[in-house]
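Peer 1: compute the structure for the input listed below.
(one chain, ligands or ions: 2)
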Amino acid sequence: MGDPAAGERAGSGEQSAAGERATAGGGTAVAGEPLLAVADVSIAFGGVQALAGVSLAVAAGEAVGLVGPNGAGKTTLFECIGGRLRPDGGSVRFAGADLAGVPAHRRSRLGIARTFQRVEVFPELTPVEHVLVAARARQGGGMLWRDLVRRGTPRPDEVEQARALVGMVGLADAADVPVAALGLGHTRLVELARALASSPRLLLADEPSSGLDTTETAVIAALLRRIQRERGVAVLLVEHDLALVRRAVDRVVVLDSGHVIADGPFALVVADPAVRRAYLGRSA
Ligand SMILES: Nc1ncnc2c1ncn2[C@@H]1O[C@H](COP(=O)(O)OP(=O)(O)OP(=O)(O)O)[C@@H](O)[C@H]1O
Ligand SMILES: [Mg+2]
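Peer 2: Ligands and ions are numbered 1, 2, ... in the order given. So this is what the prediction gives:
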């Protein structure tokens, strides 16, 4: 890394600015502590050290990019934050609490929402039904989605809120169409609407533009910004499309082979020789 100190200074400056914005807008950030604090997280799969002492922070209301070559450990870090994987070492703190031992569904209710690298949707359900089920999952004590879907007719106000969210992501015209009949671009928007249904404080978005064309990618970039700025949701965005990253975030963390190699404003990070080497050395 060219100048680690410069990256650190720049990163923390961005964080406090975002934190002030969020607090002014009525956020509930714990004073002095970032919304998400990942400290020294490590995990190995057999002989592969997927994460080796990763630390990063996201302030309330801040948008941060998480980039790096294929296999760098980005999705694995999301799994450790979301609770599907348990790190071998280190800690994940959210809103001032240590998440060790907290199962994934409870992390979701605490305010951590996700979209997935490979879309995880129910083909036979419509966008509105996806949002309704997610909204109920937040209230219902860890019930299976299938049970939640069968749990009676939703109230008119629930449907109205779900429609508003589906409209917010730009899917009003497809609100009642089974997702199986929608293209990938629309399906990724369904995932975003569903993630927002739980009123998250942090959105983990794993390659939301993967497989999309330039126009659809621009829609996703603009939507992520709106989610951050209008709803005050902090965003951690994993993405290979650096043009999208530049538009959607304020700060970028670069992972390479399980290590953080840069952390700072987009322009500084992409000019960093270590980052350029990491990208040029492999296909990205
Ligand atoms: N469940 C698993 N079992 C074994 N190895 C795994 C598992 N999950 C991830 N890995 C390995 O851990 C490393 C990091 O993988 P990860 O999927 O986190 O990378 P990534 O940065 O998300 O890559 P990409 O950009 O291709 O999505 C890789 O070497 C991968 O093969
Ligand atoms: Mg991945």
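
Peer 1: which positions in stretch 52-72 come out as buried?
Peer 2: 52, 54, 56-69, 72 (16 or more other C-beta atoms under 10 Å). Yep, even glycine has a C-beta here, placed from its N, CA and C like the rest.

Peer 1: what does stretch 162-180 give?
Peer 2: Neighbour count says stretch 162-180 has 162, 163, 165, 166, 168, 169, 170, 171, 174, 175, 179 buried, by 16+ other C-beta under 10 Å.

Peer 1: contacts for it, please.
Peer 2: 121-128, 130-132, 135, 154, 182, 186-187, 189-190, 192-193, 196-197, 219, 223, 226 (C-beta atoms under 8 Å, 6 or more residues apart in numbering).

Peer 1: using CSV, write out every CA atom in it.
Peer 2: Taking C-alpha atoms only, stretch 162-180 is exported to CSV below (Å, rounded to 0.1, in the frame of the first residue of the first chain):
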residue,chain,number,x,y,z
ALA,A,162,-45.3,-3.3,0.3
ARG,A,163,-46.6,-1.7,-2.9
ALA,A,164,-44.9,1.6,-1.9
LEU,A,165,-41.6,-0.2,-1.5
VAL,A,166,-42.0,-2.0,-4.8
GLY,A,167,-42.8,1.3,-6.5
MET,A,168,-39.7,2.9,-4.8
VAL,A,169,-37.4,0.5,-6.5
GLY,A,170,-39.1,1.1,-9.9
LEU,A,171,-41.2,-2.0,-10.2
ALA,A,172,-44.7,-0.7,-9.9
ASP,A,173,-45.7,-2.1,-13.3
ALA,A,174,-44.4,-5.6,-12.4
ALA,A,175,-45.7,-5.5,-8.8
ASP,A,176,-48.0,-8.5,-9.2
VAL,A,177,-46.1,-10.6,-11.8
PRO,A,178,-44.4,-13.8,-10.6
VAL,A,179,-40.7,-13.2,-10.4
ALA,A,180,-40.1,-16.2,-12.7
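
Peer 1: near ligand 1, list only the ones from the buried residues of stretch 52-72.
Peer 2: On the criterion C-beta under 6 Å from any ligand atom, 68, 72 are the entries of the buried residues of stretch 52-72 that sit beside ligand 1.

Peer 1: and the buried residues of stretch 52-72, which of them are in strands?
Peer 2: In strands, defined here by DSSP state E, the members of the buried residues of stretch 52-72 are 52, 54, 56, 57, 58, 63, 64, 65, 66, 67.

Peer 1: need the max-distance pair from those.
Peer 2: Maximum pairwise distance in those, criterion C-beta to C-beta, is 25.6 Å, between 52 and 63.

Peer 1: how many residues are close by the nearest residue to residue 158 once chain neighbours are set aside?
Peer 2: Nearest residue to residue 158, sequence neighbours excluded (C-beta to C-beta, 6 or more residues apart in numbering): residue 132, at 6.1 Å. By other C-beta atoms under 10 Å, the residues close to residue 132 number 25.
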